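A.B. asks: Sequence below, structure please.
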Amino acid sequence: MPIFYRKLPRFDYLRPRSIEEAFWLLREHRDRARLLAGGTDLLPQLKNRQIDRPDVLIDLKGVAGLDSIVYVEGVGLVIGALATINDIAESPAVRNHFPVLVQTALSMASPQVRNRGTFAGNICSAVPSADSAPPLLALGAKVRIKTQKTEREVLLDEFFAGPRETVIGPDEILTSIEVPETAPTSRGVYLKLSPRHSMDLAVVGAAVVGSVRDGICEDIRIAVGAVAPTPVRAPVAETMLRGQRVSPEIIDEAARNAVTQCDPINDHRASREYRCDMVHVMVKRALKQVLLSREDQSWNR
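C.D. replies: Below is the predicted model of the structure:
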C-alpha cells in the first residue's frame, strides 16, 4: 500500500530581529502573513491543508526579549510569548509560585515538542483541547497584545472567539501572558484525560485553582477544555462552592453543574456522552485535590 507524505506549501519565510521589524513586516504583508512562535501547531496544520496557505511566514523566534519568564512578588508572573513549554516547566519562579503550570507543561506533547512549542502559541492556536488554556483561565490570566503604536490587555476569559479563533487582529502580536499573584493558601491542579497522557490531545481537561480556610472555600475557579467550542469556565459551579463549607456532597453537586457548561462533539476520540461523564469525574477529582487535605481525600476515590 503506498504511503503519501504531504509537503509544506510554498511561502516566503521571514525572520525579524526586533519587534519593530516584526510589526513592519505585518503592516507590509497584512492578511497574507502568518506569525510563527514555536510552529508545533502551525506547521502540521499547513502540511495537512487545515488552514489557508499564507504568502509569508514571519518567524518571531529571532525577536529578542520575548522569551523571558519574570516573577514579581505581590504582582505575579509574566511569561514571554517565546518562552518554551520546557522553559516554563524548568523555571524556578514557576515551580515555586505556580506549580500547576509546571504540571500542565509536563502534560503537553513530547520533550522535543516542549523544547520548541510555547504557551502563547498554544492559546493562539485556539483549539478547544489546548492544554495550557484551562489552568491559565483558572488562574485568572490575561494576555498583552500590541500593535506598532498601541497595546491592550485582554482577560483570557475574553480571548477565545471560537474554534481556532481569537480576538487578535491582523496587525497585532501577543507579546506576553500575565498571571496574577495567588493567595498564599491557594492550590491548583490540572487533570488531563487522554489515551497516552502527554502524547495525545486531551479528551477532557479540567483545571481548578482555589483556597480553603477552616474548612470554608474562600475562593475557587474551575475551567475545562476539549468539551466546548472554546475552553470555558464553570462560573455557577464556582458560586456554589465559594463561601461554603467543603463537603463530599457540595463538591459532587458543583462537579455535576460544571457539566452544564459543556457542549462537546462526537468524534473518533470520544462520544459527547462520554466527555460529559468525564467532566463530572475530572472536575470532582480536581476539586477534591484542591479543597481537601491529604487526610480527607480518601472518600469517593
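
A.B. asks: avg pLDDT for the one helix or strand Lys288 maps to?
C.D. replies: For Lys288, the host element (DSSP states H and E) is helix 272-291. Here helix 272-291 scores 97 as its mean pLDDT.

A.B. asks: ok, now stretch 53-72?
C.D. replies: What stretch 53-72 shows for mean pLDDT is 95.

A.B. asks: Report the buried residues of that stretch.
C.D. replies: Buried residues in stretch 53-72, counted by 16 or more other CB atoms under 10 Å: 54, 56-61, 63, 66-67, 69, 71. The C-beta positions use only the backbone N, C-alpha and C, and glycine is treated the same way.

A.B. asks: so can I have CSV of these showing secondary structure?
C.D. replies: Below are the buried residues of stretch 53-72 laid out as CSV (DSSP: H, G, I helix; E, B strand; the rest coil):
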residue, secondary structure
Pro54, coil
Val56, strand
Leu57, strand
Ile58, strand
Asp59, strand
Leu60, helix
Lys61, helix
Val63, coil
Leu66, coil
Asp67, coil
Ile69, strand
Tyr71, strand
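
A.B. asks: Could you measure from Thr230 over to Ala258?
C.D. replies: Thr230 is 15 Å from Ala258, where distance means CB to CB, to the nearest Å.

A.B. asks: Between these two, tell me which one has more neighbours.
C.D. replies: Using other CB atoms under 10 Å as the criterion, Thr230 and Ala258 rank with Ala258 on top: 30 against 20.

A.B. asks: That one is in contact with Ala234, isn't it?
C.D. replies: Yes. Assessed by CB atoms under 8 Å, Ala258 is found in contact with Ala234 at 4.0 Å.

A.B. asks: Give the intersection of the neighbour lists for the two.
C.D. replies: Taking CB atoms under 8 Å, 6 or more residues apart in numbering as the criterion, Ala258 and Ala234 both touch 222, 224, 283.

A.B. asks: how far off helix 272-291 does whichever strand or helix holds the second one point, in degrees?
C.D. replies: It refers to Val224. Assigned by DSSP H and E, Val224 belongs to strand 216-225. With axes from the mean of the first three to the mean of the last three CA atoms, to 10 degrees applied, the angle from strand 216-225 to helix 272-291 works out at 150 degrees.

A.B. asks: Tell me which stretches of the chain form strands.
C.D. replies: Remark: strands assigned in the chain by DSSP state E are 12-14, 33-36, 56-59, 69-72, 76-80, 142-146, 151-155, 160-162, 165-166, 173-180, 187-193, 204-213, 216-225, 232-233.

A.B. asks: Give me the contacts around the fourth one.
C.D. replies: Contact with strand 69-72 is made by 77-80, 83, 87-88, 91, 93-94, 96-97, as judged by CB under 8 Å, 6+ apart.

A.B. asks: Go through those residues and say which is closest to Asp131.
C.D. replies: Set against Asp131, the nearest of the contacts of strand 69-72 by CB to CB is Ile88 (11.7 Å).

A.B. asks: So the closest one is in contact with Ile79, correct?
C.D. replies: Yes. With contact defined as CB under 8 Å, Ile88 reaches Ile79; the gap is 6.6 Å.

A.B. asks: Compare those two and say which is more crowded by neighbours.
C.D. replies: Taking neighbours as other CB under 10 Å, Ile88 and Ile79 compare with Ile79 leading, 29 against 26.

A.B. asks: what's the burial count for the nearest residue to Ile173 once chain neighbours are set aside?
C.D. replies: Leaving aside its chain neighbours, Ile173 sits nearest to Lys146 (5.6 Å; criterion: CB to CB, 6 or more residues apart in numbering). The number of residues packed near Lys146 is 17, by other CB under 10 Å.

A.B. asks: Pull up the gap between Lys146 and Leu174, please.
C.D. replies: From Lys146 over to Leu174 the distance is 8 Å, taken as CB to CB.

A.B. asks: next one: Glu151
C.D. replies: Remark: distance between Glu151 and Leu174 (CB to CB) = 11 Å.
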